[in-house]
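A.B. asks: Give the three-dimensional model of this entry:
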Amino acid sequence: MAFQKERIYSIDDIYALPDGERAELIDGRLYMMAPPSRIHQKLVNRLSQKITNYIDSKQGHCEVYPAPFAVFLNKDDHNYVEPDLSVVCDMDKLDDRGCNGALDWIIEIASPSNQQMDYEIKLFETYEKTAASPKFPGPRRSAIKLEKGLEPSTPSLRVKCSTN
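C.D. replies: Reported below is the predicted structural model:
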């Protein structure tokens with residue numbers, strides 16, 4: 001009895017996708033990405049603004065990149081991800097294609113439809129394996145709570161982080 005061999009994908013396959021299609025590549029497996037919801041994009045935008053403003057207020061040198069932003073986690077060509085927000089402080093990791101190596105801070109906004117991908121596959125399997133010295137608790141030990149502003153006419157976003 002013959003078994004079908006699972007195909008191993010590479011970064012070339014990512015770049016060969018038709019326009020408008022996005023995917024991530026983890027250990028040679030291709031994971032197609034659905035377009036994010038409006039609320040998801042709003043949260044990414046607000047968090048990006050808040051983090052960038054904070055870095056600027058402290059005269060920091062880190063840069064914030066919202067998705068789509070290419071992150072090549074390993075030197076091989078079988079790992080490519082697009083976190084919702086990527087914070088890079090080591091400018092030597094950046095080139096015109098994106099970031100080469102582990103990010104300094106990764107932010108994923110989990111939706112009910114993508115929790116398994118974000119928590120189990122992408123964050124746990126990939127990011128924890130490649131982060132040299134994590135600056136924040138790992139995904140299974142941290143929680144980010146997003147709260148609406150108290151006044152409906154005043155949109156705001158408060159982020160509370162806790163380690164449990």
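A.B. asks: do you know how far the nearest residue to Val87 once chain neighbours are set aside is from Leu17?
C.D. replies: Beyond its immediate neighbours in the sequence, the residue positioned closest to Val87 (Cβ to Cβ, 6 or more residues apart in numbering) is Trp105, lying 3.7 Å away. Using the backbone N, CA and C atoms, a C-beta is placed for each residue, glycine as well. Distance of Trp105 to Leu17, given as Cβ to Cβ, to the nearest Å: 27 Å.
A.B. asks: cool, and Asn45?
C.D. replies: In this structure, Asn45 and Leu17 are separated by 24 Å, where distance is defined by Cβ to Cβ.
A.B. asks: what secondary structure does Ile39 sit in?
C.D. replies: When classified by DSSP: H, G, I helix; E, B strand; the rest coil, Ile39 comes out as helix.
A.B. asks: Kindly tell me how buried it is, as a neighbour count.
C.D. replies: 10 (other Cβ atoms under 10 Å).
A.B. asks: One more: Cys62?
C.D. replies: 17.
A.B. asks: re earlier: Trp105 and Leu17: who's more crowded?
C.D. replies: When Trp105 and Leu17 are compared on other Cβ under 10 Å, the one with more neighbours turns out to be Trp105, at 17 against 12.
A.B. asks: was I right about that one contacting Asp90?
C.D. replies: No. Trp105 is beyond contact range of Asp90, at 11.8 Å (criterion: Cβ atoms under 8 Å).
A.B. asks: now the helices: where do they sit in the protein?
C.D. replies: Secondary structure of the chain by DSSP state H: the helices cover 11-15, 38-57, 115, 128-130.
A.B. asks: Mind checking those for the one nearest to Val71?
C.D. replies: Each of those has some distance to Val71 by Cβ to Cβ; the shortest is helix 128-130, at 9.5 Å.
A.B. asks: tell me the mean pLDDT over the closest one?
C.D. replies: Along helix 128-130, the predicted local confidence has a mean pLDDT of 55.
A.B. asks: could you give the mean pLDDT of stretch 66-80?
C.D. replies: Per-residue confidence for stretch 66-80 averages out to 89 on the pLDDT scale.
A.B. asks: for this protein, which spans come out with low pLDDT?
C.D. replies: Across the chain, the ranges flagged by pLDDT under 70 are 1-5, 111-164.
A.B. asks: can you give me the strands for it?
C.D. replies: 22-26, 29-33, 63-66, 71-72, 85-88, 94-95, 98-100, 105-107, 142-148, 157-163 (DSSP state E).
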